[in-house]
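Visitor: Fold the stuff below for me.
(chains A and B)
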Amino acid sequence: MINAGALHAQGFKIPATVPELRTYLQAAIEVEHLTIPVYMTGMYTIRAGTNRLAYFTIRSVVLEEMLHMTLAANLLNAVGGEPNVAHPEFVAEYPAKLPFSSDTIPYIGLRHFSPEALETFLRIEKPRSLLPNPDDDAGWTSIGQFYDAIRRGLVALVEEHGPAAVFTGDARKQVGPEDFYNSGGEAFAVTGLPTALKAIEVISDQGEGADDTIFTDDDRIFGEQRQLAHYFRFNEIYTGRGYGPHDLPSTPPSGPLLDVDWDDAYPIYGDSKVEDYREYEETSAVYREAVGFNACYARLLGYLHSAFNGHPRHMALAVPTMLELRDRAQWMYRNPHPDPDLADEGCHASPTFELEQAHFDEAGEIVRRTVDAAGLRTGEPVDLGALAAAPGRRFG
Amino acid sequence: MTAPPTVPPAAAARRHYDAVVVGAGWAGSLIARRLGEKGWDVLVLEAGNGGTETWPGYLDSLDTFYSAVAKVPNSAYRPNRAVPSPDVLDMAPVRATEPGGKEFTADGYFVQEGPLPYGTDYLRALGGAGMHWLGAVPRMHPDDFRVRAGYGYGRDWPLTAADLQPYYARAEREMGVAGDAAEQRGLGVIGDPAYVYPMHTVPPSYIDRYCAERLDGHVVTEPVGGQAGELRVTALPQARNSTPDPAYDGGRGFRPAGAAGLPNYGERCVGNASCVPICPVQAKSSPLRVQAGFNGNVTLATRSVVTRVLRGRGGTVRGVEYRSYGDPATPVSEPYTAEADIVVLAAHAVENARLLLFSELAATSGQVGRNLMDHPTMLAWALSAEADGPVGPYRGPGHTSGVEVFRFGDARRARAPFRIELSNWGWSWATGAPMSNVAAALGVGGTADGEVRPDPTFGPELRRLLGSVIGRQLQLQIAIEQSADPANRVTIDPRRHRDPMGNPRPIIAYDLDRHVRDGMVAARHVARAIFARLGATDHTTYRPQNGVPPIGHLTHTYDGREVHLAYRGAGHGAGTHIMGTDAKTSVVDSYQRTHDHPNLYAAGCGSMPSIGTSNPTVTMAALALRSADHIDRHLADLHRPVAVRVPARQHPAARQEATS
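Guide: Below you'll find the predicted structure:
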């Protein structure tokens, strides 16, 4: 992570200047992204067609983390910052320390769909209301507290300098509903204090729940169906039981039993690294696939970087890349771990999410070529047809 | 989006409603939602099964589709003995037993008397045929509403295209339509100079571009009407989520609706290519979205089969009798009655006719069940030139573009007009590809003698072969206008033909007249010219193979020669209770109210006196919204205090205010 680790180490503080606020918002993008490989691993290790409720629940949370990442980028752009997501340090090394949380929380690892993985998910999303009384002097205790610090800093800066001095960003950089919609609220442009506060509210509430309930605010903000906040959605899977309409954050779910089968997943050794796979390069294609996955992930971040830095339409190029990542991840999970000892224990191969500068250099070139070929323009229909194969290709 | 509130069928019977709507497809759902918004108590009775409005139910439909052997339009929905649906698999071609005899058998829900097969299916389930439709929503052209006055065939509407324009726009908002309004304006089907669709057009497929590059500007002259048509590949307006257009609604933009039954879901079209019958990401619009917007005034009951409409005093009706069943496999049912001030039949053209006939209502004109229509669809198939490489079939919606020029113009006086769809799904409709290609390459079925074939293809050669023969498949689907003909009709014979619950089955008599057949000859000619222009090898044949004709086979004499032709059903059943101004010659008025019964409406494609060459759903939806406004006024009139001298606040009957 570029900023989040350092900010965490500095201890609790409310951003006092616009440059500080930008540093915090870049850290916010990193924190939102940190969860995505973790949740993706939990989701894509589910055997196809099984644990559907869990699959779609995790998927819904991943989509909201993507939304949060986008809204955080909109916030940073609105205050004149430049989101940086195509950078080796942007991606955490797993197992990763969860920033802005209690130091007692164990490191967050990549784990297959299992009670252990859900425990990790619950730790990430734990609402402030379930934690000991948050005291600013006690340092960082939750991501909700971190967003609260951003909110307080932003409000104070606007009060002190006026909105025009804070919201100096180019409005054309905002990613709006044209380029990101549905799937848990929708992206909206941040153009001033009201929309900025709304963005912060969406990010905090979808994770933790609004006003000490188990529900989000999406029904109020987006006119959507009332739905559970992330923590409580995960708790349903973990406990195998749904929440009832009158359940509270502090009570266990009291609704119907849910169909969760922990055996319908590919067990992995989540701390595997590309280097570990390289040893078995001669006997297993897993090494090649692991490298390919990370290269693909760098391309995803390349498109997102472009989308967050003046070309919102390029979000459309990230979507097929996400589908490619899904397919690549599932290919790997279906293969045994190349290490015979781990394979004997039933472990399968898994993507490592290790990104190095070389990946971004290689991806940058491909992203540039694809962006040029696609020719997407703001205001025009999204059409990736220009990327289709040219006529004259033969069958081989 | 939330699932609509549903009640057990028995609970629905206990109240008097302002309106009962029979059928929860597009038309019924749009009318019910509108009336509910206006504060009226509405009961919607759906004969079929529900379930798809929930997420597990939707996934179950997906599984049913994935495991189906034949991916026909109804393959995503479980068979229902209590409420059977007609299916395209019900028909099979056979050798005629006598010269000129029937060349098909039909053993499904329809009793088909011929002489030609009525190849159209529909779905009796929550959402109706809106659960298996493609989502094609082109508006009708102004000329399509006045074919008798303009071109001397068929029947005219009591409405003009201009009357419907605002309702088309509303329907497109309700359904969530993506399209290119400027292009449609160029065709003359959109009048409003400032209109834009809610969403940008769904991107054209590779096949669309391939064809556009080679066809645009090329002139083809068809020999029947003598029309010299300049080909132009045009985007199809679709009820499918794409990129919302910020310019929509005077700059207010459009918020696409997501999936039914699951928050956080529902994507833009990503080209899953199974739109018919079911979109796995719910980019395709369905009536479930409308139902999700039902307010508390609308009660929805599934598995509630309306058996007849009940007569009231004078010429009115007082409600409906319906039967509720539990297990769709064993249609044991209980009878109930629901009373209402207004009854709206919105159960499909064929079902509306069946209900009116069995209830012996709206009989004055003798037109109930008559003028049954469809868009007889000719398929033409070819392989693109090997040198051009693959054209990328089996990607994206069923079709995303068409050639429109033969829909319009004076030539329709001489022959039926037609719209040419460019298929994105290869030869699937014509030959059952790609499965049939795999089977043929593997030698499945053996030799003519029943021996194992000696020369099957395997391995890399199989892949190369399939890549070549599947990847180059081009198919044209040519939808031909069929005009109102009273001899094409739905009847019932309750003594002889009943379904397992005891309801009369539709008996169908169907033929294609000379005007349609001349249109088919012209279409065949144009298809050949298009394939020639593309440099493609035409593989189309309508001749009998080993003595067995293809389904929908017919012969026609044109220019002194006998030609073989064949058509399929488009699923566009229409025209069984057509609208008009004269109670002696039509069944409903322009608001779809029956001439005979002031509080009985028959809504849907059945009301259409002509259907042009446009997929009829968006026109049906526009009519439904127009009728809903009328029914709202009608109900307000019914509840207006009678004694005008009594001050309104002392009068107990100010019902409209009470329920608003």
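Visitor: which residues does the residue positioned nearest the centre of chain B contact?
Guide: With distances taken as C-alpha atoms, centre = their mean, chain B has residue B:572 as the residue nearest its mean C-alpha position (4.1 Å). Going by C-beta atoms under 8 Å, 6 or more residues apart in numbering or on different chains, residue B:572 touches B:120, B:373, B:374, B:375, B:479, B:605, B:611, B:615, B:616. Just so you know, the C-beta spots here come from the backbone N, C-alpha and C atoms, and that holds for glycine as well.
Visitor: Which of the three states applies to it?
Guide: Following DSSP: H, G, I helix; E, B strand; the rest coil, residue B:572 is assigned to coil.
Visitor: measure it to chain A for me?
Guide: Plainly put, residue B:572 is 28 Å away from chain A if you go by C-beta to the nearest C-beta, to the nearest Å.
Visitor: Also residue B:70?
Guide: Counting by C-beta to the nearest C-beta, the gap from residue B:70 to chain A is 22 Å.
Visitor: Repeat that for residue B:334.
Guide: Taking C-beta to the nearest C-beta, one finds residue B:334 at 28 Å from chain A.
Visitor: where are the low-confidence patches of the stretch 201-350 of chain B?
Guide: Low-confidence segments of the stretch 201-350 of chain B (pLDDT under 70): B:264.
Visitor: what are the phi and psi angles of the residue lying closest to residue B:73 once chain neighbours are set aside?
Guide: For residue B:73, ignoring the flanking residues on the chain, the nearest one in space by C-beta to C-beta, 6 or more residues apart in numbering or on different chains is residue B:132 at 4.2 Å. When read as degrees, to the nearest 10, the backbone of residue B:132 gives phi -130, psi 0.
Visitor: which ones are touching residue B:268?
Guide: A:181, B:241, B:242, B:243, B:256, B:283.
Visitor: quick one: which of those is nearest residue A:347?
Guide: Minimum distance to residue A:347 across those is 37.3 Å, recorded for residue B:283 (C-beta to C-beta).
Visitor: Verify the stated contact: that closest one with residue B:269.
Guide: Yes. Counting by C-beta atoms under 8 Å, residue B:283 touches residue B:269, with 4.1 Å between them.
Visitor: what about these two, which has more around it?
Guide: Per other C-beta atoms under 10 Å in any protein chain shown, whichever of residue B:283 and residue B:269 has more neighbours is residue B:283, with 28 against 23.
Visitor: State the phi and psi torsions of that one.
Guide: phi -70, psi -30.
Visitor: now do residue B:244
Guide: The phi/psi pair for residue B:244 (degrees, to the nearest 10) is phi -60, psi 140.
Visitor: re earlier: now render the contacts of residue B:572 as a markdown table, adding pLDDT, distance to chain A and neighbour count.
Guide: As requested, the contacts of residue B:572 are exported to a markdown table (pLDDT from 0 to 100; distance: C-beta to the nearest C-beta, whole Å; neighbours: other C-beta atoms under 10 Å in any protein chain shown):
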| residue | pLDDT | distance to chain A | neighbour count |
| --- | --- | --- | --- |
| B:120 | 94 | 33 | 28 |
| B:373 | 98 | 34 | 28 |
| B:374 | 98 | 33 | 27 |
| B:375 | 98 | 28 | 29 |
| B:479 | 98 | 25 | 28 |
| B:605 | 98 | 30 | 26 |
| B:611 | 98 | 29 | 28 |
| B:615 | 98 | 22 | 27 |
| B:616 | 98 | 26 | 27 |
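Visitor: so what's residue A:268 closest to, chain neighbours aside?
Guide: In space, and not counting its chain neighbours, residue A:268 is closest to residue A:350: 4.0 Å by C-beta to C-beta, 6+ apart.
Visitor: typo on my end, residue A:20
Guide: residue A:153 (7.3 Å).
Visitor: Please apply the same query to residue A:76.
Guide: residue A:25 (3.9 Å).
Visitor: The residue nearest to residue B:73 contacts residue B:276, doesn't it?
Guide: Yes. With contact defined as C-beta under 8 Å, residue B:132 counts as touching residue B:276 (5.9 Å).
Visitor: Would you mind identifying the next helix or strand past the helix or strand where residue A:76 lies?
Guide: Residue A:76 is part of helix A:52-78, with elements assigned from DSSP states H and E. Heading C-terminal from helix A:52-78, the first helix or strand you meet, by DSSP H and E, is helix A:115-125.
Visitor: Please work out which residues outside the next helix or strand after that following helix touch it.
Guide: Next in sequence after helix A:115-125, counting helices and strands by DSSP H and E, comes helix A:143-161. Counting by C-beta under 8 Å, 6+ apart, the neighbours of helix A:143-161 from elsewhere in the structure are A:12-18, A:20-21, A:24-25, A:27-28, A:31, A:79, A:98-101, A:124, A:127-128, A:134, A:140, A:166, A:193, A:196-197, A:200, A:203-204, A:207-208.
Visitor: which SS class is residue A:329?
Guide: With three-state DSSP as the criterion, residue A:329 reads helix.
Visitor: who's in contact with it?
Guide: Residues near residue A:329 by C-beta under 8 Å, 6+ apart: A:40, A:41, A:44, A:293, A:350, A:351.
Visitor: What degree of burial does the fifth one show, as a neighbour count?
Guide: Looking back up the chat, that one is residue A:350. 28.
Visitor: Make sure it is indeed in a helix.
Guide: No. The assignment for residue A:350, made by three-state DSSP, is coil rather than a helix.
Visitor: That one contacts residue A:334, doesn't it?
Guide: No. The pair residue A:350 and residue A:334 does not pass the contact test of C-beta under 8 Å, sitting 10.8 Å apart.
Visitor: Confirm that residue A:187 sits in a helix.
Guide: No. Counting by three-state DSSP, one finds residue A:187 to be coil, located in no helix.
Visitor: Report the contact partners of it.
Guide: For residue A:187, the contacting residues are A:67, A:70, A:71, A:74, A:175, A:176, A:177, A:179, A:180, A:181, by C-beta under 8 Å, 6+ apart.
Visitor: Now the two most distant members of those residues.
Guide: It's A:74 and A:181 that sit farthest apart of these, by C-beta to C-beta, at 14.0 Å.
Visitor: Compare neighbour counts for these two and give me the winner.
Guide: residue A:74 (27 against 22).
Visitor: how close does the nearest residue to that one once chain neighbours are set aside sit to chain B?
Guide: Of all residues not flanking residue A:74 in the chain, residue A:190 sits nearest, at 4.3 Å (C-beta to C-beta, 6+ apart). Applying C-beta to the nearest C-beta, the value for residue A:190 to chain B is 17 Å.
Visitor: if I pick residue A:190, what's in contact with it?
Guide: A:71, A:74, A:75, A:77, A:78, A:167, A:174, A:196, A:199.
Visitor: quick one: low-confidence ranges for the stretch 551-660 of chain B?
Guide: Counting by pLDDT under 70, the stretch 551-660 of chain B contains low-confidence ranges at B:642-660.
Visitor: in it, which spans are strands?
Guide: B:553-558, B:561-566, B:600-602 (DSSP state E, counting those that start in this stretch).
Visitor: and the second one with strand B:553-558, angle?
Guide: Inter-element angle recorded for strand B:561-566 and strand B:553-558: 150 degrees (by axes from the mean of the first three to the mean of the last three C-alpha atoms, to 10 degrees).
Visitor: Just name whatever secondary elements strand B:561-566 is in contact with.
Guide: strand B:377-383, helix B:514-534, strand B:553-558 (3 or more C-beta pairs under 8 Å, 6 or more residues apart in numbering or on different chains; DSSP states H and E).
Visitor: average model confidence for the helix or strand just after the longest one?
Guide: Looking back up the chat, that one is helix B:514-534. The helix or strand immediately downstream of helix B:514-534 is strand B:537-538, counting by DSSP H and E. Here strand B:537-538 scores 97 as its mean pLDDT.
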